[in-house]
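Colleague: fold the following.
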Amino acid sequence: MYALIYKDFLLLKKQLLYVLVLAVFYTVIAVSGFLSASILPGMVVLFATMLPITSFSYDEQARWGQYAAATPAGRRGVVAAKYLFSLLLLLLGLLLVSALITLLVGLGLLREPLPTALYAVLCCGSVALGIDAVLLPVLLKHGAEKGRFAIMAVCIAVVGGGMLLWQLHRGGLRLPQAPARAAVALLALLAAAAFAVSYGIARHIYERKEL
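Modeller: Here you go, the predicted model:
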C-alpha cells in the first residue's frame, strides 16, 4: 500500500513543484500589496482536491487499476492508498500555507493576528477534507472525468450555500453565534467524520467495480 502512495508522489512531483511555485508567487504578490494574503488559505483546497484528480487521470491512462488490484495490496489497499495520499496532500498543503502565513505575520506584512489567520487555514483544510469525502468515491467509481464534474458541483453548492446565508443574514436572519475555536473545531470534526464514512463507502464501491 505504501508503495502505491509513493508511486502517486513520484507521478505528481512536477505538479507538486508547480503548486509550491504558485504558493510562493501568491505570497510575493501579497507582500507587494497587489493581492490580499487572504487568498493563501484557499491554496489548501486547491492542493488537496485537484492533485488527487490528476492522480486518478494518470492511473486511467496507464490502466493502472487492473494491475494494482492484482498486487498483494488488493482492492482495499488501492482505496486505502488513495485516501492516505489525499490526506497527506492536505497535511502538506496545511503545513505549507501555515508556514507562509506565519512568515508574513512575523515580518509584519499581514495585519490579521496569527491565530485568526491560522483558523482560516484550518477552516479551508476542513472544507477540502469534506470535498475529498465526496470526490474520492466518485473518482473510484466513475473516474477522473466525472470526478471533475463532482468537484464543480460541490464547489457550486458550497458557494451557493454561503451566498444564500449571506443574503438571509442581510435580510435580517440572525445566525447562531459561536466562539471561533468551537466553530473551527466543529467543522474539522464534521469533515473528519465525513471522510471516515466516505472511506467505508469507497471500499464497498471499489470491491464491486469491474476493472
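Colleague: all helices of the chain, in order?
Modeller: Assigned by DSSP state H, the chain shows helices spanning 2-11, 13-32, 40-61, 64-70, 74-106, 114-142, 144-170, 180-207.
Colleague: the shortest one - contacts with which helices or strands?
Modeller: The reference is to helix 64-70. Counting contacts by 3 or more C-beta pairs under 8 Å, 6 or more residues apart in numbering; DSSP states H and E, helix 64-70 is packed against helix 40-61, helix 74-106. Every C-beta, even on glycine, is put in place using the N, C-alpha and C of the backbone.
Colleague: again, 10 Å this time
Modeller: Here helix 64-70 is seen to pack against helix 2-11, helix 40-61, helix 74-106, helix 180-207 when contacts are counted using 3 or more C-beta pairs under 10 Å, 6 or more residues apart in numbering; DSSP states H and E.
Colleague: need these in a markdown table (columns: mean pLDDT, distance to residue 147 and mean neighbour count).
Modeller: What follows is the helices and strands packed on helix 64-70, written out as a markdown table (pLDDT from 0 to 100; distance: least, C-beta to C-beta, whole Å; neighbours: other C-beta atoms under 10 Å):
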| stretch | mean pLDDT | distance to residue 147 | mean neighbour count |
| --- | --- | --- | --- |
| helix 2-11 | 88 | 15 | 15 |
| helix 40-61 | 84 | 5 | 21 |
| helix 74-106 | 90 | 11 | 19 |
| helix 180-207 | 90 | 12 | 15 |
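Colleague: any chance of the ones you listed in a markdown table, with distance to residue 127 too?
Modeller: Rendered in a markdown table, the data for the helices and strands packed on helix 64-70 read as follows (distance: least, C-beta to C-beta, whole Å):
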| stretch | distance to residue 127 |
| --- | --- |
| helix 2-11 | 22 |
| helix 40-61 | 6 |
| helix 74-106 | 11 |
| helix 180-207 | 7 |
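Colleague: for residue 26, which of these is the nearest?
Modeller: The minimum distance between residue 26 and those falls on helix 40-61, with 6.2 Å, by C-beta to C-beta.
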